[in-house]
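S.K.: Predicted model and sequence follow; I will ask about them next.
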Amino acid sequence: MSATKLRRGENLNAAEWALRAGLAAAFRLAALNNWHESVANHFSVAVSDDGRQFLMNPRWKHFSRIKASDLLLLDSSDSSTMQRPDAPDPSAWSIHGAIHAAAPHARCVLHVHSPYATALACLADPTMLPVDQNTARYFNRIAFDRQYGGIADDTEEGRRLAATLGQRRVLLMANHGVLVTGATVADAYDELYYFERACQTLILAYATGRPLNVLPDEMAERTARDWENYPNYAAAHFGEMLRILDAQGADYAS
């Protein structure tokens, strides 16, 4: 995204404003892709080197209306966050605060109840079987949370989810949804896009009732590694999506 297209807010440096604009765009794209749910779900991105300070969407604002200037600046070390007049949603704080505190590699964290990922998360066996190159992208690369404990709105639940995620980039949450992470907003967006596509393919294949043609482990692992050999792909993908938003006159960067 060109810096000339960003309209900086008062007292914000260019780096933070670029993160704000990028994350705001991710919300708009999630709404366009129908990954959002009502005024729930949350995205965040770290702004400090240690990952503890991060931007996140305000409580109960629709993804399609979020702007760069709307995002809250939070600190996972601040125990008074939920007493703020603009306190975030409790479950958002529980999950994102814990992950940014425990997993500095997870610079951007996107959590949604997207249709196909949630459907997979509802199966007794939610394994992502490698039946095509998108599903193979996630071969042995998903963390599974199999302990749904209700709405994740307390500190201990957030810590448990962060520990379950570990060093993985995707956490499939049983009876709940999915959480993906990335080193950048572009990386996380691309991860979420392909994970939902992979879930869609697998769920549709299951729906036929016909036997699945599952790839051998060796080929699935090779394909997953091939995906990892496209380091600039996510940035190119996200960049094109920003151009689409810009051509539509979207005001996400305001």
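M.R.: Good, I have the coordinates.

S.K.: so which strand or helix has residue 110?
M.R.: In this assignment (DSSP states H and E), residue 110 forms part of strand 108-112.

S.K.: For that strand, C-alpha coordinates in PDB please.
M.R.: This file holds the C-alpha atoms of strand 108-112, laid out as PDB (Å, rounded to 0.1, in the frame of the first residue of the first chain):
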ATOM      1  CA  CYS A 108      -1.000 -10.400  13.500                       C
ATOM      2  CA  VAL A 109      -3.900 -12.400  15.000                       C
ATOM      3  CA  LEU A 110      -7.200 -13.000  13.100                       C
ATOM      4  CA  HIS A 111     -10.000 -14.800  14.800                       C
ATOM      5  CA  VAL A 112     -13.300 -15.500  13.000                       C
END
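
S.K.: Which elements pack onto the following helix or strand past that strand?
M.R.: Remark: after strand 108-112, the chain's next helix or strand is helix 115-121, criterion DSSP H and E. Helix 115-121 sits against strand 170-173, strand 177-182, helix 185-207, with contacts defined as 3 or more Cβ pairs under 8 Å, 6 or more residues apart in numbering; DSSP states H and E. Just so you know, the C-beta spots here come from the backbone N, C-alpha and C atoms, and that holds for glycine as well.

S.K.: thinking again about what came up before, the strand holding residue 110 pairs with which strands, and in what direction?
M.R.: strand 42-46 (antiparallel), strand 177-182 (antiparallel) (DSSP bridges).

S.K.: coming back round to it: and the helices and strands packed on helix 115-121 as JSON lines, adding distance to residue 31?
M.R.: Formatted as JSON lines, the helices and strands packed on helix 115-121 follow (distance: least, Cβ to Cβ, whole Å):
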{"stretch": "strand 170-173", "distance to residue 31": "21"}
{"stretch": "strand 177-182", "distance to residue 31": "16"}
{"stretch": "helix 185-207", "distance to residue 31": "13"}
